[in-house]
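> Here is my input, please return the structure:
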Amino acid sequence: MGGILLPNTKISGAAANPGIPLANSPSGGLFETDQSGVGIALDSNSFFELDAQSFRLGYKPITAYNLQQVAGSPFATATYPVYSDLSPDGAFLYVTHQGLNNDVSAYAVNSTNGTLTEIAGSPFAVGTTPYNVKVTPDGNFLIVANNGSHNISVFSRDLVTGALTPVAGSPFNTTAYPHALAVTPDNKHVLVTHDGAGGVDVYTLNSISGALALVANYATGNGPYSVAISASGNFAYVANSLSNSVSVFSINAITGVLTPIVGSPFATGINPYCVALSPDDLYAYVVNKTDNTISVFAIDSITGALTVISGSPYATGASPYFVVVSPDGNMVYAVNQGSANMSAFLRNITTGTLAPIAGSPFATGNSPFSVHVSPDSAHVFVNNENGASISVFQTSTEPTFNLISILFDKFGGLAGGMNINGRLQVLGQDLLTIIKSQSLYAALTGLITQPFSAKTLTLDHAAGGLIGTPTADNAIAGAVGEYIESIVLLAAAVNLATGVTANVTSINLTDGDWDIEGVISFHGDGTTNINDVKVGTNNASAAFGGVGTYQSDYLTIVVAAGIDATYIAPKHRFSLAAPATVYLVALAHFTISTCTAYGKISARRVR
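Residues are numbered from 1 along each chain as shown. All right, here's what the predicted structure looks like:
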């Protein structure tokens, strides 16, 4: 088994029979296309990974999963560890402790062996009886639901050390007994459920300050102990433990407003305590505490509706309380409070069905409360509520095989390497690793990539250049097309003083060329006389920039009740040599009453 790429050399084979196959995967690998290029073929056991500094194509079996506790597990922690969450990079684990402690502990996670080390400054104080905890998808903030004190703690998070600092205004008041949390994938909204009579609050999350502002409260069933948001951000799922159902809402991506979908709520087993979604948004998994089962539902990708699949429900241990799907989609884990163990299931990614793996269920500490999985799916963390400990398991499979492994320098420095089955030949020379400073990435002429995951990249500009994505996603940070925005709704509008320039909101931008525009609405109490307004964008706080960065209107207007005056801040190019903050600024001269301003600023990286 091996592969060598030579300049101007073609690879034989076809999509179903590649010229360079993946190990144990005859239908996956590299093949010659009918355009004399190189195609990438993947089958069910193949994987493709691309991040900021590396590219990997290989084979990862999913049939030989097993679990074993890592050395030192279970790890002692403060009393009553209930919920936890991992940072997006998997480097830190945050655990809430209810009862006597009322704090959140922070642990550094060893990515190799899964061991935990409490960081300096931990634990961090929160409100009384903290329950759910969530790190925002961008990793910048940590949010804790304080059930006993009826408020929400928000911390800014040091991305390097994992340390927490309360944001201004924290904790934020909420309605009674906040329990479960979820953050939309775009980091703009936070959903919070409440015990007892139920309901879910929606808050806007300020991307700069971390402040929360209530949008509205929406009715659910009774006992909403869990909420999950789809990876697309289009739907929210709430498990209503006391109503034996799951409520499903569509989410307005701009306002955060929730709307129950047709057919909601959907019936489950008895006492559904937790709902989890598969990474592809195609299946929902609900643990039923009284039934000792997991209900599995297929999700309609258009409407969000739930339909029970054939074979559901699946048996668990006694009193399952929490369920999670591994980020790679291959496993489902459910902790069983009544039997002090964890059920582990291999998940069929096509049908959603479950099969217990060998050795399941696996012993944990006393009264396991929740379970979380590392982003690479290699480690599983279980909070043992009455055991005052955290059990850590390591998953193992057959060794992962990389057909192609490339490390590159995204900043353009003289670093980078490429391996194919551990060997690469460039210009007739066999080398284990090719360094940019040695080979200057010798061109493999005639090679182009072919369509993959609904995206096409062609290096032949005569044939059309770089093709855009047809999918509903965003360009990565630093890439052309990167989009950043900040929105302030009427509920959080900025109070204006007549004749005084004020910041409505702002965004933080890295160096580069950005096209920035904004929109501002002026709001009075129905008797406000506005004589003139001015709106614009500027990288100086509370000040207007030069010509082309603002718009003025000197026409006297009377703001009628419920009708706001809206103005556009013109699009303008900001060429930044260093990271900077750009502000959305407003000015109004008015009499008689009050005036506030709200709106949106957005930026698109153009090169």
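> going forward, measure contacts between C-alpha atoms and count neighbours the same way
Will do.
> low pLDDT regions in this structure?
1-65, 196-197, 397-471, 555-562 (pLDDT under 70).
> domain ranges for it?
Structural domains assigned to the chain are 13-61+400-463, 66-396, 483-605, following automatic domain parsing.
> Please work out which of those is packed deepest.
Burial of those is given as mean neighbour count (mean count of other Cα atoms under 10 Å); domain 66-396 ranks first at a mean of 21.
> Would you map the strands across the stretch 201-350 of the chain?
212-218, 224-229, 235-240, 245-251, 258-260, 266-267, 272-277, 283-288, 293-299, 306-308, 314-315, 320-325, 331-336, 341-347 (DSSP state E, counting those that start in this stretch).
> Save the domains of the chain as CSV, and put in distance to residue 476 too.
As requested, those are exported to CSV (distance: least, Cα to Cα, whole Å):
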stretch, distance to residue 476
domain 13-61+400-463, 9
domain 66-396, 12
domain 483-605, 9
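> Indicate which one of those domains is closest to residue 473.
Of all the domains of the chain, domain 66-396 sits nearest to residue 473, with 9.0 Å by Cα to Cα.
> where along the chain do the helices fall?
436-439 (DSSP state H).
> who touches the residue nearest to residue 304 when sequence neighbours are not counted in this structure?
In space, and not counting its chain neighbours, residue 304 is closest to residue 235: 6.5 Å by Cα to Cα, 6 or more residues apart in numbering. Residue 235 makes contacts with 229, 248-251, 304, as judged by Cα atoms under 8 Å, 6 or more residues apart in numbering.
> out of those residues, who's nearest residue 164?
residue 229 (24.7 Å).
> pretty sure the closest one contacts residue 181?
No - with contact defined as Cα atoms under 8 Å, residue 229 does not reach residue 181; the gap is 9.8 Å.
> which one of the contacts of residue 235 is nearest residue 358?
residue 229 (30.8 Å).
> got a list of what the closest one touches?
Residue 229 touches 182-184, 235-237, 277, counting by Cα under 8 Å, 6+ apart.
> and these as TSV, adding distance to residue 508?
What follows is these, written out as TSV (distance: Cα to Cα, whole Å):
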residue	distance to residue 508
182	24
183	20
184	20
235	28
236	29
237	32
277	32
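> Report the spatially nearest residue to residue 594, omitting neighbours in sequence.
residue 524 is the one closest to residue 594 (Cα to Cα, 6+ apart), at 5.7 Å.
> For residue 361, see how far away the one you found is.
62 Å (Cα to Cα, to the nearest Å).
> cool, and residue 599?
52 Å.
> What of residue 378?
Residue 378 is 18 Å from residue 361, by Cα to Cα.
> just residue 229 next, same as before
For residue 229, the distance to residue 361 - Cα to Cα - is 28 Å.
> do residue 209 as well
For residue 209 relative to residue 361 (Cα to Cα), the value is 43 Å.
> Can you identify each of the strands in the stretch 501-607 of the chain by residue range?
Under DSSP E, counting those that start in this stretch, the stretch 501-607 of the chain gives strands at 502-509, 512-524, 529-538, 550-553, 557-558, 565-576, 580-591, 595-605.
> Keeping just the C-alphas, turn the last one into CSV.
Coordinates of the C-alpha atoms in strand 595-605 are reproduced here as CSV (Å, rounded to 0.1, in the frame of the first residue of the first chain):
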residue,chain,number,x,y,z
CYS,A,595,-34.9,59.5,21.8
THR,A,596,-33.1,56.1,21.5
ALA,A,597,-31.2,54.4,18.7
TYR,A,598,-30.9,50.8,17.7
GLY,A,599,-29.6,48.9,14.6
LYS,A,600,-27.0,46.8,13.0
ILE,A,601,-23.4,47.0,11.7
SER,A,602,-21.9,44.4,9.4
ALA,A,603,-18.6,43.9,7.7
ARG,A,604,-17.5,41.7,4.8
ARG,A,605,-13.8,40.9,4.1
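> and of the strands of the stretch 201-350 of the chain, who's closest to residue 133?
That would be strand 224-229 among these, by Cα to Cα, at 11.8 Å.
> quick one: the closest one to chain centroid distance?
16 Å (Cα atoms, centre = their mean, to the nearest Å).
> okay, the angle between that strand and strand 245-251?
Angle of strand 224-229 versus strand 245-251, following axes from the mean of the first three to the mean of the last three Cα atoms, to 10 degrees, is 40 degrees.
> can I get the CA coordinates of strand 224-229 in CSV?
Only the C-alpha atoms of strand 224-229 are listed here, as CSV (Å, rounded to 0.1, in the frame of the first residue of the first chain):
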residue,chain,number,x,y,z
PRO,A,224,-38.4,21.6,30.4
TYR,A,225,-35.1,20.2,31.7
SER,A,226,-33.2,20.1,28.4
VAL,A,227,-33.0,22.2,25.2
ALA,A,228,-31.0,21.5,22.0
ILE,A,229,-30.4,23.6,19.0
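> Can you get me the start-to-end distance on stretch 86-97?
Terminal-residue distance, stretch 86-97 (Cα to Cα): 16 Å.
> hmm, who's touching that stretch?
With Cα under 8 Å, 6+ apart as the criterion, stretch 86-97 contacts 78-85, 102-111, 129-135, 137-139, 162, 372, 374-376.
> what's near enough to touch the residue nearest to the spatial centre of the chain?
Centroid-nearest residue in the chain, with Cα atoms, centre = their mean: residue 137, separated by 3.7 Å. For residue 137, the contacting residues are 88, 183-187, by Cα under 8 Å, 6+ apart.
> swap in residue 342?
Contacts of residue 342 by Cα under 8 Å, 6+ apart are 317, 333-336, 360-364, 368.
> Sort out which one of those lies nearest residue 516 for me.
Of all these, residue 516 sits closest to residue 333, with 44.8 Å by Cα to Cα.
> distance of the closest residue to that closest one other than its chain neighbours from residue 606?
Closest residue to residue 333 apart from its sequence neighbours, by Cα to Cα, 6+ apart: residue 344 at 4.7 Å. According to Cα to Cα, residue 344 stands 47 Å off from residue 606.
> Residue 205 too?
26 Å.
> among the domains of the chain, which is nearest residue 472?
That would be domain 66-396 among those, by Cα to Cα, at 8.7 Å.
> Not including adjacent chain positions, what is the nearest residue to residue 592?
residue 528 (5.6 Å).
> With residue 69 instead?
In space, residue 69 is closest to residue 393, 4.2 Å off (Cα to Cα, 6+ apart).
> now residue 201
Per Cα to Cα, 6+ apart, closest to residue 201 is residue 217, 4.3 Å.
> need the contact list for the residue nearest to residue 505 when sequence neighbours are not counted.
Of all residues not flanking residue 505 in the chain, residue 584 sits nearest, at 5.5 Å (Cα to Cα, 6+ apart). If you count contacts by Cα under 8 Å, 6+ apart, residue 584 has them with 503-506, 518, 535-538, 600-601.
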